[in-house]
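A.B. asks: generate coordinates for the sequence data below:
(one chain, ligands or ions: 2)
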Amino acid sequence: MVKRIPVALTTALLAMCALQPVAAQPSRARATADVDLSIRLKEVQANPTLEQNLFKLGRKVAGVCLHCHGEGGNSMNPDIPNLAGQNPAYLLEQLRLFATGQRRNEFMEGMIKSMDSDEKIGMVLFYSAQAVKHKPATNLPLVDKGNAVYQKQCLTCHGANGLGNEKIARIAGQQPGYLRKMLDRYRTAQSGPLAQSIMTPTARGLSDADVQAVVAFVSAIP
Ligand code: HEC
Ligand code: HEC
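C.D. replies: Numbers count the residues shown, from 1 in each chain. Ligands and ions are numbered 1, 2, ... in the order given. Next comes the predicted model:
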């Protein structure tokens, strides 16, 4: 279970997150609401100098996120997701969902509201370039069972190495508590993005034992 975050910490983190505008960069988009993040990401990736500047900005933003998501996006808490090595498009989509309230997490929603569009792009550039730390498997028979579930039910979309693609989340090496929480949400969602996701039918077909096994396997993929 995710521990409740003390109000004082939340306030302090939100204050820290209100990063100072960088005045000497006219090419930075300050507006948040009307910037299409996926178009902005492509624009930035086509401009190496801007990309480097926003990467540095992202590293600064990550100084706030590391309290929960860990150094370089490798979380130390099994219930909080790694951001390291995650797909840029997937990260941006999650930020959009938090910002529009379609994905609910009180703290993340507040945090995202205080970030401008280029801080979001910078954060995505930074985290997607970080390596995920490998957590070796401990329960090998369970991992074998999970491997069988994965090959049959997950591989077609998430890929042989769990790395996903532009539209599909990277799940390789993801935190086990978070994987379980997300699979349970897909299994039980009544409405919203999770209920409508292309992976929901697959998730609904999993037994509790399948979930336990596939989580053990996926979290140990290097
Ligand atoms: C106080 C702890 C905390 C802090 C600080 C924090 N997060 Fe989070 N974040 C979470 C939790 C918990 C979740 C999982 C929410 C859920 O269960 O849906 C999450 C989820 C996310 C996700 C979705 C990941 C996925 O795999 O779907 C993104 C992206 C994210 N956070 C980005 C950030 C960024 C960027 C920052 C810093 C600006 C940040 N977070 C700071 C706790 C935190
Ligand atoms: C039909 C394609 C498809 C299949 C099959 C599929 N997934 Fe997914 N999965 C996705 C997509 C796309 C996403 C990104 C979010 C979304 O659109 O729902 C996702 C997201 C996830 C997430 C959330 C990741 C995060 O960081 O929040 C987990 C966990 C996950 N999948 C695990 C699995 C497992 C385990 C299996 C096999 C039992 C599986 N998926 C089968 C397409 C699929």
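
A.B. asks: domain-wise, how is the protein divided?
C.D. replies: 33-128, 140-219 (automatic domain parsing).

A.B. asks: for the shortest one, how far is the first residue from the last?
C.D. replies: Going back to what we said before, that points to domain 140-219. Start-to-end span of domain 140-219 (CA to CA, to the nearest Å) is 13 Å.

A.B. asks: does ligand 2 sit close to that domain?
C.D. replies: Yes: Domain 140-219 lies within reach of ligand 2 by CB under 6 Å from any ligand atom, at 149, 153-154, 156-158, 167-169, 171, 179, 182-183, 197-199, 202, 206, 214, 218. From N, CA and C alone the C-beta is placed, and that goes for glycine too.

A.B. asks: in stretch 84-103, which residues are buried?
C.D. replies: 84-99, 103 (16 or more other CB atoms under 10 Å).

A.B. asks: so who does Arg187 touch?
C.D. replies: By CB atoms under 8 Å, 6 or more residues apart in numbering, the contact set of Arg187 is Ala203, Arg204, Leu206, Val211.

A.B. asks: now those as TSV including secondary structure, distance to His134 and pLDDT?
C.D. replies: Listed next are the contacts of Arg187 as TSV, based on DSSP: H, G, I helix; E, B strand; the rest coil; distance: CB to CB, whole Å; pLDDT from 0 to 100:
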residue	secondary structure	distance to His134	pLDDT
Ala203	helix	25	98
Arg204	helix	30	97
Leu206	coil	25	98
Val211	helix	22	98
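
A.B. asks: quick one on the thing from earlier: filter the residues of domain 140-219 next to ligand 2 down to the ones in helices?
C.D. replies: The members of these that map onto helices under DSSP state H are Val149, Gln153, Thr156, Cys157, His158, Leu179, Met182, Leu183, Thr202, Val214, Val218.

A.B. asks: most neighbours of all these, which one?
C.D. replies: Val214 (26 neighbours; other CB atoms under 10 Å).
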